[in-house]
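> Give me the fold of what follows.
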Amino acid sequence: MKKYRLRGLAEYLAICVLIGGLVYNDVVIGVFFLPLLPVYLSIRAKSVREEESYQRNLQLKDALNSLQAALEAGYSLENAFAEAKKELAAIYPQDAYICIGFDRILRRLANGIVVEEAFGEFARQSGLEDAEGFAETLSTTKRMGGDVLQMLRSTVSVIATRLEVKREIRTITAQKRMEGNVMKLVPPGIMLYFRIFSPSFLEPLYQGMGGNLLMSLLLVGYVFLIWLMEHLIRIEL
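Now for the predicted structure:
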């Protein structure tokens, strides 16, 4: 997360320089927008968390698929976690979220902790709704003496269906997001073009209170349209 915060900081500093230079013809004025840095970092962090959550859910689905395959092969539930970890290690790097999580589960199993408690702790730390739901179902199934394999098949089917819907939505909105990103660059691109090739064209906008007020209003309108665009193409499941 630190890497993303540093990148977000660099991005916002560049934005402040652009605002000062293009909107007010003075890069120093960009300093006055620095107090809004926490807001920008918060928005960016939310986007990063959403992407991480999606990727972690994909990893969880693969992990549960591996567990199901191991149970179908005749392994006990405890040994199925060890077999699933081997398969996950062949798919993901060792520092991947799911590999680290399953390593913790296996250590707890080696220390004599029951499997439902070990996975339940992993689920709580993950913050993933599907993981927590599976942990609760696993605990109930073990306590009631139910069929763990059948429960696992049903859970994997539900998670896979939900992720497939999310994937389709992401695919549908990907083009709109790309178009939106291009549209965001058009206004500053036009201004930069005139600043380079015809600086006198924009000169009246940088003179007097009237010009500064007009540019401020245009900046507010531009930011509002960006927010509206992001709001329209954001679909949360």
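
> Now do the helix or strand containing Phe81: which elements does it pack against?
Secondary-structure assignment from DSSP states H and E places Phe81 in helix 77-91. Counting contacts by 3 or more C-beta pairs under 8 Å, 6 or more residues apart in numbering; DSSP states H and E, helix 77-91 packs against helix 37-72, helix 97-110, helix 115-126. All C-beta spots, glycine's among them, are computed from the backbone N, C-alpha and C.

> Might you quantify the distance of the shortest one from its chain's geometric centre?
Centre-to-centre, helix 115-126 and its host chain are 22 Å apart (C-alpha atoms, centre = their mean, to the nearest Å).

> Adjust the sequence numbering to begin at 22 for everything that follows.
All set: I'll call the first residue 22, so the last point we hit is now helix 136-147.

> Phi, psi for Arg198 please.
Backbone torsions for Arg198, taken as degrees, to the nearest 10, come to phi -60, psi -40.

> measure it to Arg188 for me?
Going from Arg198 to Arg188 by C-beta to C-beta, to the nearest Å gives 15 Å.

> returning to that earlier point: what comes up buried for the helix holding Phe102?
Leu98, Ala101, Phe102, Ala103, Glu104, Ala105, Lys106, Glu108, Leu109 (16 or more other C-beta atoms under 10 Å).

> what does it rub up against?
By C-beta atoms under 8 Å, 6 or more residues apart in numbering, the residues outside helix 98-112 that reach it are 80, 83-84, 87-88, 90-92, 94, 96, 117, 119-120, 123-124, 126-127, 130, 136, 169.

> before we move on, what about stretch 33-51?
Stretch 33-51 has contacts (C-beta under 8 Å, 6+ apart) with 52, 54-55, 58, 61-62, 209, 212-213, 216, 227, 233, 236-237, 239-240.

> In that stretch, which residues are buried?
By neighbour count on 16+ other C-beta under 10 Å, the buried set for stretch 33-51 is 33, 36-38, 40-46, 50-51.

> Let me know the closest of those residues to Lys67.
The nearest member of the buried residues of stretch 33-51 to Lys67, counting by C-beta to C-beta, is Tyr33 at 14.9 Å.

> Quick check: which element contains the closest one?
Residue-wise, Tyr33 maps onto helix 23-39 under DSSP H and E.

> the inter-axis angle of that helix versus helix 58-93?
With axes from the mean of the first three to the mean of the last three C-alpha atoms, to 10 degrees applied, the angle from helix 23-39 to helix 58-93 works out at 150 degrees.

> Report the distance from helix 23-39 to the chain centre.
Centroid displacement of helix 23-39 relative to its chain, using C-alpha atoms, centre = their mean, is 18 Å.

> got the CA coordinates for it in CSV?
Extracted C-alpha coordinates of helix 23-39, given in CSV (Å, rounded to 0.1, in the frame of the first residue of the first chain):
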residue,chain,number,x,y,z
LYS,A,23,3.0,2.3,0.7
LYS,A,24,3.9,2.0,-3.0
TYR,A,25,0.5,3.2,-4.1
ARG,A,26,0.5,6.1,-1.6
LEU,A,27,3.9,7.3,-3.0
ARG,A,28,2.6,7.0,-6.5
GLY,A,29,-0.6,8.8,-5.6
LEU,A,30,1.5,11.6,-3.9
ALA,A,31,3.6,12.0,-7.1
GLU,A,32,0.4,12.1,-9.2
TYR,A,33,-1.2,14.7,-7.1
LEU,A,34,1.9,16.9,-7.0
ALA,A,35,1.9,16.7,-10.8
ILE,A,36,-1.8,17.6,-10.9
CYS,A,37,-1.1,20.7,-8.7
VAL,A,38,1.7,21.8,-11.0
LEU,A,39,-0.6,21.5,-14.0
